[in-house]
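Asks: Return atomic coordinates for the entry below.
(4 chains)
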Number of protein chains: 2
Amino acid sequence: MKSNKNNNNKAKPTLKYIAERLGISKATVSNAFNNPKQLSAALREKIFTECQAQGYTGPSITARSLRTGKTGVIGVLLADSLAYNFTDPVASHFLEGVASTLDQQHINMLLLPSRSDNYQSTQVDTIPDSFIVYGKPKDADVLQRISQQGKPMVTVDFDTELGNSVSVNVDNHGAAYESAKHALSGLNDKVIIVGFRLLNGCDQLRSVDCEKLEGYTESISRRRFEGYQDAIQEWGGQFNSSDVWQFPHPKSQATQMTLRGLLAHPQKNHATVCLCMSDKLAIATLEAAQSLGIKVPEQLRIVGFDNIPEADTFNLTSIHQPLTEKGKIAAEIALGLREFSSIELPAPLVIRGSTDSTLPAPNIEFTKTKV
Amino acid sequence: MKSNKNNNNKAKPTLKYIAERLGISKATVSNAFNNPKQLSAALREKIFTECQAQGYTGPSITARSLRTGKTGVIGVLLADSLAYNFTDPVASHFLEGVASTLDQQHINMLLLPSRSDNYQSTQVDTIPDSFIVYGKPKDADVLQRISQQGKPMVTVDFDTELGNSVSVNVDNHGAAYESAKHALSGLNDKVIIVGFRLLNGCDQLRSVDCEKLEGYTESISRRRFEGYQDAIQEWGGQFNSSDVWQFPHPKSQATQMTLRGLLAHPQKNHATVCLCMSDKLAIATLEAAQSLGIKVPEQLRIVGFDNIPEADTFNLTSIHQPLTEKGKIAAEIALGLREFSSIELPAPLVIRGSTDSTLPAPNIEFTKTKV
DNA sequence: CCGACATACTTAACCGATTTAGTTAAGTTA
DNA sequence: TAACTTAACTAAATCGGTTAAGTATGTCGG
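Replies: Numbers count the residues shown, from 1 in each chain, chains lettered A, B, ... in the order given. Below you'll find the predicted structure:
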């Protein structure tokens, strides 16, 4: 039972073996698989029949890769763990888009979650023919290494100066600006900003001094923040630098309690605006508001970002990101199916009840009756 | 911007190139990476320095694979989607065990979720050197195809007659028997069985006629069921064939309502036993019981299976499966680090408050105060 | 001083395909 | 019929490594 060799003593069939059995050249067998037009239909049929009979399942992937210099694999570099990317709706819709394009092209996807890699395992990132980098990696070296390989790289949601790379973005700045302008219009009270990962290398629940922009990450959060900021400046209302917060986990108890603390203020019946950098955060904010009995949108307007399905369910004003399309486009660029140049997708504002009292009111059904 | 060729005109360095620059043979450079003992430390150092200088990151994976016939990749065939395996605690603990062994050995993991593959994409399953098959695939052909490649295969939670494969199991039958025996002791009333995937090719919420065993899947569910059945027969109490149910989704509303319906009976103050094939189902059952005001364990004894962390949290009697260890062992066998023979791990019963009133009572904190 | 034996490298065959530059036979055109 | 085209297939170089077998050099006990 210990043997892990082939049971039958017959060696694993190769293209050469098939060719010999049929008394033809290797090239023709190869063409049967890759260039059907190069040989007669009859012979091709005969070759396939023989392959079937000999249990030959097609050209060896490694041998082909060595010869062609292509592996048929695309690397998708993730900014977080695998688990996160499968759980988070924003990430998973993006990946779904990527996957759909790859499926069509019979390209395989190698998921590379970010972690501290040593020299050895670094080798896996030499496999792909091209890369999609979804979100700016904390470890900047990894981009450097990939770039050195000279393979095409498509960065999503951020830009880099590295060679041979282009980016796919939505207009984070403009969209944030529009959403803030909309939410602030007609009011003159306080606004708070609820974000994530604003600071470089510090992913803790805390308020962020918005004056020190240089400490901010060069990422979507930064761009969204600046969009909000521009709108706030035009508006001219009350806003102080301590009213920007970052939350590492939108669903944690700490986040919820902090949000309640921040919202306790509008009890004084002042209208207030909360600009959230993701729908998940917006939902948490809505939950906090409801638990305090604050009426949305009358006493508090909330806008989200991403327009995930729950934004519609809960009647939340948000910015629509074409997530699946973003994934498709990124894959198409990486595969050379589309021009290799950066692209910025539109991200329209979707107005719902959380900012407009003429629309159905936002509501989270509390799961008291949870079954 | 359209070029996706290497920016610098210098070709990508190869092992041969490094050797030539240093005026030594390819074999020596190769040995520097793979057989350090074959050359002097000084030369090895010199080689690495040159590699660094030329931007050579090590031997090409494809070329090495072609020559050695090994890819350094292990295939993990999943019975469900990727998302499921990352979410479900049982599956993710198992995978964690697999991953930890692979990390140590610098082996990469290729996750192969089950889906209907056509001839083209089938090719990816020719990459791995060996396979771990976690749970019986619905599509039996895939096992056939892998087996034909003559590569070692380790099946987990089920057995197969196919060549060159061994299995890793826990004693599902024995463990189920023990848990049932324990739960039934001293009682003489009704017992129900709450399971999953009992029927072949029919994964719907329904009661299952336990007399037609031939329609059952040849899997853990079947073995657990037979263990329960043996204990029930020895016990001799009331049990009729309509009291076996299968639930596709432990957390769905339909599951919860059905469970409530099944439990409505003990309102008559008869003690009853519920044998659940997973902790998730046991938790759902406990939830149903609490919502009906049924006292556990006084009026209803519940046993689970798997001993996931929540079983401890909620004081649920369960069967401990060494999940992470199972993963490690499966990987060790597949990699040849351990004897290539089938193994059955112990799965001891862990008695807690859901069957023993002298222990802390089981309780699910309702998330009314959910924040 | 000789053979035995490491030590440190080198040679060359080989892994299983792809692909460029042909060759051959049959068909077409003027 | 000579000259040219096309269809159908072949020969051989090549991709970038690994490894068994072999060679040269030095070391050392007797």
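Asks: which element is the residue nearest in space to the middle of chain A on?
Replies: Nearest to the mean C-alpha position of chain A, by CA atoms, centre = their mean, lies residue A:91 at 4.1 Å. According to DSSP states H and E, residue A:91 maps onto helix A:89-105.
Asks: Same check on residue A:155?
Replies: strand A:153-156.
Asks: ditto for residue A:180
Replies: Counting by DSSP H and E, residue A:180 is found in helix A:172-184.
Asks: now what about that helix, what contacts it?
Replies: Here helix A:172-184 makes contact (CB atoms under 8 Å, 6 or more residues apart in numbering or on different chains) with A:191, A:220, A:223-228, A:230-232, A:234-235, A:237, A:273, A:275, A:277, A:301, A:303, A:305, A:317-319, A:347-349, A:351, A:355. Glycine gets a C-beta too; all of them are placed from N, C-alpha and C.
Asks: Just these: which are in helices?
Replies: A:220, A:223, A:224, A:225, A:226, A:227, A:228, A:230, A:231, A:232, A:234, A:235 (DSSP state H).
Asks: what residues are up against the fifth one?
Replies: When you say that, I think you mean residue A:226. A:173, A:176, A:213.
Asks: Downstream of the helix or strand of chain A with the lowest mean pLDDT, the next helix or strand is which one?
Replies: When the helices and strands of chain A are scored by mean pLDDT, DSSP states H and E, helix A:119-122 comes last with a mean of 44. Tracing the chain past helix A:119-122, the next element assigned as helix or strand by DSSP H and E is strand A:130-134.
Asks: What are the buried residues along the next helix or strand after that next one?
Replies: Heading C-terminal from strand A:130-134, the first helix or strand you meet, by DSSP H and E, is helix A:141-148. Of all the residues in helix A:141-148, those buried under the rule 16 or more other CB atoms under 10 Å in any protein chain shown are A:142, A:143, A:146, A:147.
Asks: ok, now stretch A:230-243?
Replies: Neighbour-count burial for stretch A:230-243 [16+ other CB under 10 Å]: A:230, A:231, A:232, A:235, A:239, A:243.
Asks: One more: stretch A:126-145?
Replies: A:126-138, A:142-143.
Asks: farthest pair in those?
Replies: Distance extremes for the buried residues of stretch A:126-145: the farthest pair is A:129 and A:138 at 25.1 Å, using CB to CB.
Asks: Just give me the neighbour total for the residue in the stretch 151-300 of chain A that DNA strand C sits nearest to.
Replies: Ranked by CB to the nearest atom of the strand, the top residue of the stretch 151-300 of chain A for proximity to DNA strand C is residue A:151, at 17.6 Å. By other CB atoms under 10 Å in any protein chain shown, 20 other residues sit near residue A:151.
Asks: Could you pick out the residues of the stretch 201-350 of chain A near DNA strand D for me?
Replies: Contact residues of the stretch 201-350 of chain A with respect to DNA strand D, defined by CB under 7 Å from any atom of the strand, are absent.
Asks: and the residue in the stretch 201-350 of chain A positioned nearest to DNA strand C, what helix or strand is that in?
Replies: Residue nearest to DNA strand C within the stretch 201-350 of chain A: residue A:336 (15.1 Å; CB to the nearest atom of the strand). Assessed by DSSP H and E, residue A:336 sits outside every helix and strand.
Asks: what about stretch A:143-159, near DNA strand D?
Replies: No: legend: contact between stretch A:143-159 and DNA strand D by CB under 7 Å from any atom of the strand is lacking; minimum distance shown is 12.1 Å.
Asks: Check what contacts stretch A:151-163 and list those residues.
Replies: A:94, A:128-136, A:143-144, A:146-147, A:150, A:164-169, A:218-220, A:326, A:330, A:333-334, A:336, A:340, A:342, B:4, B:7.
Asks: isn't residue A:308 right next to residue A:91, touching?
Replies: No: with contact defined as CB atoms under 8 Å, residue A:308 and residue A:91 do not form a contacting pair (10.7 Å).
Asks: what's the spacing between residue A:45 and chain B?
Replies: 15 Å (CB to the nearest CB, to the nearest Å).
Asks: any idea which helix or strand carries that residue?
Replies: Judged by DSSP H and E, residue A:45 forms part of helix A:41-54.
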